[in-house]
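Student: Need the 3D shape of this:
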Amino acid sequence: MSNKKVTLNNIRNIGIAAHIDSGKTTLTERILYYTGKSHKIGEVHDGNATMDWMEQEQERGITITSAATTCFWKNIQINIIDTPGHVDFTVEVERAMRVLDGVVAVFCAVGGVQPQSETVWRQAEKYKVPRICFVNKMDRMGADFFRVVQMMKDNLHAKPVIINFPIGAEENFEGIVDVLGGKQYHYRGDKGEEVEVKDIQPEFKEKYDELREALIETAAEASDVYLEKYMEEGVLSEEEIIDGIRKLTIAGEYVPACCGSAFKNKGAQTLLDYVGLFLPAPTDLADIVGTKLDSEEKVSRSSSEEAPLSALAFKIQTDPFVGKLTFVRVYSGRLVPGSYVLNASSGKRERIGRILQMHANTREEVTEARAGDIIGVIGLKATKTGDTLCPEDHPIVLENIVFPEPVIFVAIEPKTKADQGKLSTALDKLGEEDPTFRYKTDPETSQTIISGMGELHLEIIVDRLLREFSVGANIGQPQVAYKESIKKSAKAEGKFVRQTGGRGQFGHCILEIVPLERGSEFVFESKVVGGRIPKEFMSSVEKGAVNALNTGIIANYPVVDVKVVCHDGSYHPVDSSDVAFQVASSYAVKDAFKAATPIILEPLMEVEVEVPEANMGDVISDLNSRRGKIEKVEADKNNIQHIKALVPLSEMFGYATAIRSVTQGRGVYTMQFFMYSECPKQVFDTIVAERNKGDE
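Tutor: Numbers count the residues shown, from 1 in each chain. Presented below is the predicted three-dimensional model:
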């Protein structure tokens with residue numbers, strides 16, 4: 001694809017994923033430096049990391065958007081996606097996992113398996129992505145490699161196999177013992193570029209022998225041939241060990257675990273070796289499976305340039321210089337500039353403009369993309385995240401990417417008429433980029449409502465609107481995305497009759513509203529017999545019900561988890577119309593809903609707080625005062641308490657400030673959406689009163 005043409009079995013598409021602040025971006029910077037991709041090492045804390053190129057990332061020292069780059073290590077081409085760790089941007093990890101062949105899961109040697117590590121692990125499990133674990137920050141106070149490996153077993157139910165272990169720890173961390181190669185590596189020089197190789201020293205011999213035996217034993221599980229040889233001879237050759245561990249890693253049965261300190265420039269080169277040895281090339285994976293156009297029939301494509309094209313658009317980015325940039329993973333075939341392809345998801349024909357090899361926010365134009373490549377494409381107009389690109393004569397639809405629903409929203413108003421136009425253009429672009437960001441106009445107030453995954457998510461969106469798109473706007477307070485539902489069934493009659501001299505209006509129906517399980521889709525059913533309502537008006541009855549439920553009935557929040565059944569009605573041969581039945585249906589649904597014991601559902605968040613033991617009591621009582629339900633409290637060996645609780649989102653606004661004051665800045669927390677749950681009567685009354693006050 002680039003100037004170096006690499007065979008498909010020497011390509012690795014990997015992601016670097018972890019809990020926030022585990023050192024993912026720092027590790028990526030080291031990889032870019034050692035592979036010669038960048039000539040200086042950028043630091044996150046200095047705001048000059050290559051992969052954190054957005055202004056908002058540099059100011060906050062966190063990764064917000066996944067950045068892609070390509071580098072070469074020995075004879076291997078590595079396409080890397082550095083993903084965010086903050087839970088508000090979990091969509092970036094989700095879509096990266098969908099297109100990656102392998103992941104380096106980074107863990108902090110002090111924090112170990114943290115809440116977002118678990119989320120990332122679950123996402124990798126969901127897409128069956130093979131992993132290598134890199135325990136970072138071995139130079140930090142409290143670093144303990146073997147404790148983190150044990151946490152992987154306990155918390156992630158993983159099966160780690162240790163392929164190297166640290167020489168010293170904390171300020172004495174100076175290198176690694178390679179269990180695979182039987183050598184010690186000591187990293188010297190300012191940037192760890194001088195690697196001193198030694199034989200295993202006597203003080204590490206016992207631990208090395210124990211882990212070497214475990215490594216061989218694990219590798220023997222990969223095949224009957226290896227198992228037989230191990231049982232007879234008690235050894236395997238280095239090639240057999242590598243092959244065995246590679247097979248087990250790709251099958252997802254084991255995860256190689258290694259360590260280092262990215263910040264202190266120790267261990268990144270060895271990790272690159274392991275990426276080449278253990279993570280899969282596109283050819284190691286099963287053929288990509290999709291469905292035929294307009295049918296459920298399965299069809300597959302092999303990872304080869306000769307197969308017909310199949311590619312997935314997994315990310316859209318608005319670029320100030322080139323316009324709309326679509327990130328694409330090519331699974332099979334070839335893609336060349338100027339060619340036409342079919343967007344099988346939308347049925348539209350698209351022209352490939354230019355193809356770019358990405359390096360964070362810089363790029364290099366290339367003449368083709370082949371199976372296994374991750375590239376940027378310019379010129380795609382109707383392609384969205386999750387769409388499949390394929391030839392018109394060999395269509396295939398690959399599995400789409402499913403994104404979570406937003407749980408928080410704010411109102412935004414443009415300051416001037418000119419800003420109004422700019423705002424709608426900017427929202428369109430941001431909506432294309434981020435499938436978890438939604439926007440709509442409130443029909444009651446004509447305000448624009450934007451919604452997202454959390455306070456930080458919306459804060460970044462608003463910051464980009466003001467800064468990147470230069471929109472002048474006033475921003476409201478964050479609001480919770482409540483939903484309405486019911487507890488029991490109820491029936492009601494809706495009638496709309498109007499006589500106005502000429503032709504009148506007549507619609508009449510009897511509807512029942514029935515509660516469904518949480519998370520159900522809306523269902524409409526007709527039990528009308530004998531033509532009491534003609535079939536052509538039944539879609540109007542359904543439309544009237546849907547419109548009424550979408551705008552909310554008791555507090556203007558959308559209604560979910562209900563079924564509407566039309567039992568009966570009547571019509572007038574002249575005066576009945578679509579509009580009349582829509583109005584009659586909306587009357588009936590509203591009356592039935594009010595009689596069916598309405599409830600309001602609120603988003604519950606899974607909150608995990610890490611605090612020193614001294615502050616635990618204060619944090620728990622604060623969570624209780626926020627209507628929190630404590631699920632679990634456990635301590636780690638440093639006596640840091642991990643408190644898991646379910647707390648309504650409405651009670652969590654401003655929690656970042658509250659936890660700082662309660663713990664004197666020593667507590668940290670993460671929060672992610674858990675489920676919608678019925679809110680208590682008192683909260684219900686307050687919400688309804690507040691919403692209806694605005695209507696008076």
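
Student: Check the gap between Leu646 and Gln672 for me.
Tutor: 11 Å (Cβ to Cβ, to the nearest Å). Bear in mind the C-beta positions are built from the backbone N, C-alpha and C, glycine included.

Student: Return every residue with contacts to both of those two.
Tutor: Common neighbours of Leu646 and Gln672 (criterion: Cβ atoms under 8 Å, 6 or more residues apart in numbering): 605-606.

Student: And the helices in the stretch 151-300 of the chain?
Tutor: Taking DSSP state H, counting those that start in this stretch, the helices of the stretch 151-300 of the chain run over residues 202-220, 224-233, 238-250, 268-278.

Student: Looks like Ile216 contacts Tyr230 (just checking).
Tutor: Yes - the pair Ile216 and Tyr230 qualifies as a contact (Cβ atoms under 8 Å) at a distance of 6.5 Å.

Student: shared neighbours of those two, anything?
Tutor: Shared contacts of Ile216 and Tyr230, counting by Cβ under 8 Å, 6+ apart, come down to Leu236.

Student: Now do the contacts for Lys153.
Tutor: Contacts of Lys153 by Cβ under 8 Å, 6+ apart are 159-160.

Student: And Tyr208, by the same measure?
Tutor: 177, 179, 182, 200.

Student: got it, and Ala281?
Tutor: Here Ala281 is in contact with 8-12, 101, 372 (Cβ under 8 Å, 6+ apart).

Student: rerun at 6 Å
Tutor: 9, 11 (Cβ atoms under 6 Å, 6 or more residues apart in numbering).

Student: how about low-confidence regions in the stretch 551-696 of the chain?
Tutor: Within the stretch 551-696 of the chain, the stretches with pLDDT under 70 are 637-638, 694-696.

Student: Mind jotting down where the helices sit in the stretch 501-650 of the chain?
Tutor: With DSSP H, counting those that start in this stretch as the criterion, the stretch 501-650 of the chain has helices spanning 535-550, 578-595, 616-625.

Student: Can you give me the buried ones in the longest one?
Tutor: The neighbour-count criterion (16 or more other Cβ atoms under 10 Å) identifies 580-593 as the buried residues of helix 578-595.

Student: Kindly give the local confidence score, pLDDT, for the closest residue in space to Ala251 that isn't next to it in sequence.
Tutor: Distance criterion Cβ to Cβ, 6 or more residues apart in numbering; nearest residue to Ala251, sequence neighbours excluded, is Pro130 at 7.9 Å. At Pro130, the pLDDT value in this model is 95.

Student: Asp190 too?
Tutor: 67.

Student: still on that earlier bit, out of the helices of the stretch 151-300 of the chain, which one sits most buried?
Tutor: Highest mean neighbour count of the helices of the stretch 151-300 of the chain: helix 268-278, a mean of 21 (counted as mean count of other Cβ atoms under 10 Å).

Student: Export only the CA atoms of it, formatted as PDB.
Tutor: The C-alpha coordinates for helix 268-278 follow below in PDB (Å, rounded to 0.1, in the frame of the first residue of the first chain):
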ATOM      1  CA  ALA A 268       8.200  -1.200  24.000                       C
ATOM      2  CA  GLN A 269      10.700  -2.800  21.500                       C
ATOM      3  CA  THR A 270      10.100  -6.300  23.000                       C
ATOM      4  CA  LEU A 271       6.300  -5.700  22.800                       C
ATOM      5  CA  LEU A 272       6.700  -4.900  19.100                       C
ATOM      6  CA  ASP A 273       8.400  -8.200  18.700                       C
ATOM      7  CA  TYR A 274       5.500 -10.000  20.400                       C
ATOM      8  CA  VAL A 275       3.000  -8.200  18.200                       C
ATOM      9  CA  GLY A 276       4.700  -9.700  15.200                       C
ATOM     10  CA  LEU A 277       5.000 -13.100  16.800                       C
ATOM     11  CA  PHE A 278       1.600 -13.600  18.500                       C
END
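
Student: which residues sit against it?
Tutor: For helix 268-278, with Cβ under 6 Å, 6+ apart as the criterion, the contacting residues are 12, 30-31, 34, 73, 76, 132, 134, 242, 246, 249, 256.

Student: helix/strand/coil for Thr318?
Tutor: When classified by DSSP: H, G, I helix; E, B strand; the rest coil, Thr318 comes out as strand.

Student: Contacts only, for it.
Tutor: By Cβ under 6 Å, 6+ apart, the contact list for Thr318 reads Lys429.

Student: Go again with 7 Å.
Tutor: 324, 429, 433 (Cβ atoms under 7 Å, 6 or more residues apart in numbering).

Student: cool, Arg95 as well?
Tutor: So Arg95 contacts 314-315, 385, 401 (Cβ under 7 Å, 6+ apart).

Student: Closest to Gly452 out of those?
Tutor: Gly452 lies nearest to Thr385 out of the contacts of Arg95, by Cβ to Cβ, at 15.4 Å.

Student: State the number of residues packed around the closest one.
Tutor: Look at Thr385: counted by other Cβ atoms under 10 Å, it has 21 neighbours.

Student: cool, and Leu100?
Tutor: 26.

Student: One more: Gln672?
Tutor: 18.

Student: For the helix or strand it falls within, buried residues please.
Tutor: For Gln672, the host element (DSSP states H and E) is strand 668-678. Of all the residues in strand 668-678, those buried under the rule 16+ other Cβ under 10 Å are 668-674, 676.

Student: Which neighbouring elements make contact with that strand?
Tutor: helix 115-126, strand 598-612 (3 or more Cβ pairs under 7 Å, 6 or more residues apart in numbering; DSSP states H and E).

Student: now the longest one and strand 668-678, what's the angle there?
Tutor: Relative orientation of strand 598-612 versus strand 668-678 (axes from the mean of the first three to the mean of the last three Cα atoms, to 10 degrees): 160 degrees.

Student: Give the buried residues for strand 598-612.
Tutor: 598-611.

Student: Same question for the first one.
Tutor: Of the residues in helix 115-126, 115-117, 119-121, 123-124 count as buried by neighbour count, 16+ other Cβ under 10 Å.

Student: and that helix, how far out from the chain's middle?
Tutor: Remark: helix 115-126 is offset 10 Å from the chain centroid, using Cα atoms, centre = their mean, to the nearest Å.

Student: same thing with stretch 555-569?
Tutor: Counting by Cα atoms, centre = their mean, stretch 555-569 comes out at 32 Å from the chain centroid.

Student: What are the buried residues along that stretch?
Tutor: 555-557, 559-569.

Student: ok, those vs Gln499, which is closest?
Tutor: Gly569 (19.0 Å).

Student: The closest one pairs with what?
Tutor: Cys509 (DSSP bridges).

Student: Touching, Cys133 and Val255? I think so.
Tutor: Yes - counting by Cβ atoms under 7 Å, Cys133 does reach Val255; the two are 5.3 Å apart.

Student: Now the common contact residues for the two.
Tutor: Pro160.

Student: Looking at the two, which is more packed in?
Tutor: Between Cys133 and Val255, counted using other Cβ under 10 Å, the more crowded position is Cys133 (27 against 24).

Student: Am I right that that one is in a helix?
Tutor: No - the assignment for Cys133 (three-state DSSP) gives strand, which keeps it out of a helix.

Student: so what's the nearest residue to Glu297 once chain neighbours are set aside up against?
Tutor: The spatially closest residue to Glu297, leaving aside those adjacent along the chain, is Thr291, at 6.3 Å (Cβ to Cβ, 6+ apart). Contacts for Thr291 (Cβ under 7 Å, 6+ apart) come out as 297-299, 397.

Student: do Glu118 as well
Tutor: By Cβ under 7 Å, 6+ apart, Glu118 lies in contact with 155-156.
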